[in-house]
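> My questions are about this predicted structure, shown below with the sequence.
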Protein chains: 2
Amino acid sequence: MSLECCAPIAREPLSESDAAELAALLKAVADPVRLRLLSIIGSHAGGEACVCDLTGSFDLTAPTISHHLKILRTAGLIDGERRGTWVYYRIIPETVNKLGALFAPMAEPARADLGLAPA
Amino acid sequence: MSLECCAPIAREPLSESDAAELAALLKAVADPVRLRLLSIIGSHAGGEACVCDLTGSFDLTAPTISHHLKILRTAGLIDGERRGTWVYYRIIPETVNKLGALFAPMAEPARADLGLAPA
């Protein structure tokens, strides 16, 4: 067993179906605009933001931003709620946590797991 | 401040340069074959595997697998070392940890951070 690495992705071979599902989720975040959108929405007051809060941070048209928001929403990374004129978006923590769980550092293996006597 | 969410990606707006760097890294892992390759390499005996250990898990030719390995290697997710006939690949934990850090669940915020009196 490796002493070095590392994350649950390195613990056991991923099944084809799990790999397909995770790859789709990763494709949704693998874009600089969408990463920035997630970070702006998540860090905005109250943990939510409308398109009106987002357009100022980008040299992009509102329809382009809406297109990226739709990809995030389809992937289950954000949800939107219409209140009055605007749709307010917030991050869905459960989906972000799936990615965190995949790449999170694992605890140091116990010495017994390495076939070593207790220290 | 939101009580719910969640990961460092939601803590503050990402800069354009950080977002570009992270998006490139995420694109490298946002593929079912490359996710499975990472998981097989990382969980293989000794934390390393050669192409000879990998081909049996895929309905893909060796050159196609080599192409995916090259993308992972270029992104800094794996490294390879030639020993005799084969190149042996292992995960670079520091790069995987960058993704883990981006999406890792954050600790519960302290009550003071929420503007609340101590319990």
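Structure received.

> now the helices: where do they sit in chain A?
Assigned by DSSP state H, the helices in chain A fall at A:16-29, A:32-43, A:51-54, A:62-74, A:93-103.

> Give me whichever of the ones you listed is most buried.
Neighbour counts (mean count of other CB atoms under 10 Å in any protein chain shown) averaged over each of the helices of chain A peak at helix A:32-43, with a mean of 24. The C-beta positions use only the backbone N, C-alpha and C, and glycine is treated the same way.

> tell me the angle that one makes with helix B:93-103.
Orientation of helix A:32-43 against helix B:93-103 (axes from the mean of the first three to the mean of the last three CA atoms, to 10 degrees) gives an angle of 50 degrees.

> Please tell me how far helix A:32-43 is from the chain's geometric centre.
Mean-position distance between helix A:32-43 and its chain equals 10 Å (CA atoms, centre = their mean, to the nearest Å).

> So which elements touch that helix?
helix A:16-29, strand A:48-50, helix A:51-54, helix A:62-74, strand A:86-91, helix B:16-29 (3 or more CB pairs under 8 Å, 6 or more residues apart in numbering or on different chains; DSSP states H and E).

> For the shortest one, what does the pLDDT average out to?
Which is strand A:48-50. Averaging pLDDT along strand A:48-50 yields 94.

> can it be found next to chain B?
Yes: counting by CB under 8 Å from any CB of the partner chain, chain B is contacted by strand A:48-50 at A:Glu48.

> which stretch in the helices and strands packed on helix A:32-43 is the model least sure about?
helix A:51-54 (a mean of 91).

> Tell me which residue lies nearest the centroid of chain A.
Chain A has A:Val96 as the residue nearest its centroid, 3.6 Å off, counting by CA atoms, centre = their mean.

> returning to that earlier point: tabulate the helices of chain A (TSV), appending distance to B:Arg34.
Output for these, formatted as TSV (distance: least, CB to CB, whole Å):
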stretch	distance to B:Arg34
helix A:16-29	8
helix A:32-43	19
helix A:51-54	31
helix A:62-74	20
helix A:93-103	13
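
> on that earlier part again, my guess is the residue nearest to the centre of chain A meets B:Phe103, correct?
Yes: with contact defined as CB atoms under 8 Å, A:Val96 counts as touching B:Phe103 (5.5 Å).

> I'd say A:Leu102 and A:Leu22 touch.
Yes: using CB under 8 Å, A:Leu102 makes contact with A:Leu22 at a distance of 6.3 Å.

> For A:Phe58, which non-adjacent residue is spatially closest?
In this structure, A:Phe58 finds its nearest non-sequential neighbour in A:Ile65, 6.2 Å apart by CB to CB, 6 or more residues apart in numbering or on different chains.
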